[in-house]
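> Predicted coordinates and the sequence they were generated for:
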Amino acid sequence: MAVNSPLIIALDYPSLDAALCMADQLDPAQCRVKVGKELFTRSGPAVLEALHGRGFEVFLDLKFHDIPNTLAGAVQAAAEQGVWMVNVHASGGRRMMEAAVERLQSHRLSTHLIAVTVLTSLSAEELHETGVSASPGEQVEHLARLARQSGLHGVVCSAQESAAIRQSCGDDFLKVTPGIRPAFATVDDQQRIMTPAAAMQAGSTHLVVGRPVTQAEDPMAALAAIVAELS
Ligand SMILES: O=C(O)c1cc(=O)[nH]c(=O)n1[C@@H]1O[C@H](COP(=O)(O)O)[C@@H](O)[C@H]1O
């Protein structure tokens, strides 16, 4: 299905029923959906089948991070379930990312493979605390170049870093940006945030939106406000 929008709605729910209740209000021509660790751990592959059956393109966000052989097998397993996109941690290194790319290519799997750079929930101080002396912007840029050299299709980063990555890695390299917060939403546990319109202007190719829609009093009104902001 040709999806006519950069929006990816994060279905961060504790059950298959709750996730499908939201999905049934969404139009698969107007947005994609993301399945993350909580929902997948509870529901397993059944949630992918249910969403694919409804016509959605699915981003399976399990942020794989492991030795190359184990990680390549996990990426292959995700791709063989027909997901549109899957992610790994760029900090797993070049050989890990290359192993995943090679595995997808050797099995002719066309799933988009992207790398998480620095989580959008991390501030500069918290990043330094993990032993990284670079600023979040510098570290994201560094990992984005590494991901590109390793053959990945793009990265997960904050929209605050999209413009720099567009400069260094080009327009076609995907910049999938969570930490999207419309003016009406609360910041929650995110640190490096941007509004939907500003994120698109900065060069994000996809916007991941969870709680501003899923926890809104009227989720469809919140989504409509975001779509209006983007049009
Ligand atoms: O890979 C991700 O999707 C991801 C990476 C990141 O750096 N930050 C981040 O928030 N995410 C995910 O994006 C979603 C953001 O959700 P909200 O903060 O509720 O909009 C969550 O499902 C996170 O797991």
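On my side now, so go ahead.

> sec struct for the closest residue to Ala202 other than its chain neighbours, please.
Closest residue in space to Ala202, ignoring its immediate chain neighbours: Ser162 at 4.2 Å, by C-beta to C-beta, 6 or more residues apart in numbering. All C-beta spots, glycine's among them, are computed from the backbone N, C-alpha and C. Three-state assignment for Ser162 (DSSP: H, G, I helix; E, B strand; the rest coil): helix.

> and Ser162, what does it touch?
In this structure, Ser162 makes contact with 175, 177, 199, 202-204, judged by C-beta atoms under 8 Å, 6 or more residues apart in numbering.

> cutoff 6 Å now
Taking C-beta atoms under 6 Å, 6 or more residues apart in numbering as the criterion, Ser162 is in contact with 175, 202-204.

> Same check on Glu229?
196-197.

> 10 Å instead, please
Glu229 makes contact with 182-184, 195-198, 200 under the criterion C-beta atoms under 10 Å, 6 or more residues apart in numbering.

> That one: helix or strand, and which one exactly?
Assigned by DSSP states H and E, Glu229 falls within helix 219-230.

> Can you give me the buried ones in that helix?
Within helix 219-230, the residues scored as buried using 16 or more other C-beta atoms under 10 Å are 219, 222-223, 225-226.

> Tell me the one of the contacts of Ser162 nearest Leu16?
Using C-beta to C-beta, Ser204 is the member of those that lies nearest Leu16, at 29.4 Å.

> Correct me if wrong: the closest one contacts Thr195.
No - counting by C-beta atoms under 10 Å, no contact exists between Ser204 and Thr195, whose distance comes to 11.1 Å.

> Not counting its neighbours along the chain, what's nearest the residue in the chain positioned nearest to the ligand?
Per C-beta to the nearest ligand atom, the residue of the chain with the smallest distance to the ligand is Gly210, at 2.6 Å. Once flanking residues are discounted, Gly210 sits nearest to Ala10: 3.3 Å by C-beta to C-beta, 6+ apart.

> And Gly73, by the same measure?
Among residues not flanking Gly73 along the chain, Arg103 sits closest, at 7.5 Å (C-beta to C-beta, 6+ apart).

> Tell me where the chain has strands.
7-10, 32-35, 58-64, 85-89, 112-116, 154-156, 174-177, 206-209 (DSSP state E).

> Return the residues of the protein in contact with the ligand.
Applying C-beta under 6 Å from any ligand atom, we find that the chain lies next to the ligand at 10, 12, 36, 61, 63, 87, 116, 119-120, 156, 178-179, 188, 190, 208-212.
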